[in-house]
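Provided below for reference: sequence and predicted model.
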Amino acid sequence: MSIADLLPGESIEDLQYKGLRIISRAGVFTYGTDAVLLADFANIKKSGRVFDLGAGGGILSLLISKRSDAICVDAIEIDAEQVDRMQRSIRLNGLEKRIRVSQGDLREIARHAAAAAYDVVICNPPYHEKCADN
């Protein structure tokens with residue numbers, strides 16, 4: 001993958017962790033310090049299966065997959081553009097055999113994870129300031 005493979009408004013960011021890079025797009029929610037801290041805080045052994053719910057651009061999946069070569073991550077994200085960006089970030093980092101992402105709605109999670117067993121389930125949901133009307 002090269003700069004030529006990026007879509008308009010996208011860039012490649014160096015995550016400063018084990019050579020990882022992520023594709024992001026200006027104006028689209030990507031990740032913050034909280035996601036990096038969560039990836040470090042998650043109690044994940046040296047091997048196992050992880051399920052990343054609402055994966056967004058893939059920051060948690062990427063960071064957690066690099067903890068050990070024996071960790072595999074399945075991820076689900078509803079936004080097709082984010083899924084595409086995450087898939088390209090996975091390829092950019094050569095992690096196709098260790099991270100799988102699918103587009104789907106968490107309300108239909110049984111279709112995506114019915115036959116799978118996971119050691120850890122992670123989620124870093126977006127949060128917003130409370131509306132003044134509420």
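Everything's here; your move.

any idea which helix or strand comes after whichever strand or helix holds residue 71?
Assessed by DSSP states H and E, residue 71 sits inside strand 70-77. Of the helices and strands lying after strand 70-77 in sequence (DSSP H and E), the nearest is helix 80-92.

buried sites along that following helix?
By 16 or more other CB atoms under 10 Å, the buried positions in helix 80-92 come out as 82-90, 92. For the C-beta atoms, the positions are set from N, CA and C on the backbone; glycine is no exception.

for those residues, which one is nearest residue 40?
For those, the residue nearest residue 40 by CB to CB is residue 89; the value is 18.9 Å.

Surely that closest one touches residue 22?
Yes - between residue 89 and residue 22 there is a contact under CB atoms under 8 Å: 4.9 Å.

any shared contact partners between the two?
Taking CB atoms under 8 Å, 6 or more residues apart in numbering as the criterion, residue 89 and residue 22 both touch 57-58, 62.

Quick one: residues contacting the residue nearest to the spatial centre of the chain.
With distances taken as CA atoms, centre = their mean, residue 58 lies nearest the centre of the chain, 1.9 Å away. The contact partners of residue 58, taken as CB under 8 Å, 6+ apart, are 22, 52, 75, 85-86, 89-90, 99, 101.

cool, and residue 61?
50, 52, 55, 73, 75, 86, 90, 99, 101.

again, only using 7 Å
Contacts for residue 61 (CB atoms under 7 Å, 6 or more residues apart in numbering) come out as 52, 55, 73, 75, 99.

Pick the one among those residues closest to residue 122.
Closest to residue 122, out of all of the contacts of residue 61 and judged by CB to CB, is residue 52, at 5.4 Å.

Any figure for the gap between residue 90 and residue 23?
According to CB to CB, to the nearest Å, residue 90 and residue 23 sit 10 Å apart.

Also residue 126?
From residue 126 over to residue 23 (counting by CB to CB), the distance is 19 Å.

more neighbours, those two?
residue 23 (24 against 7; other CB atoms under 10 Å).

so who does that one touch?
6, 10, 12, 85, 88-89, 92.

Could you rerun that using 8 Å?
6, 10-13, 57, 85, 88-89, 92.
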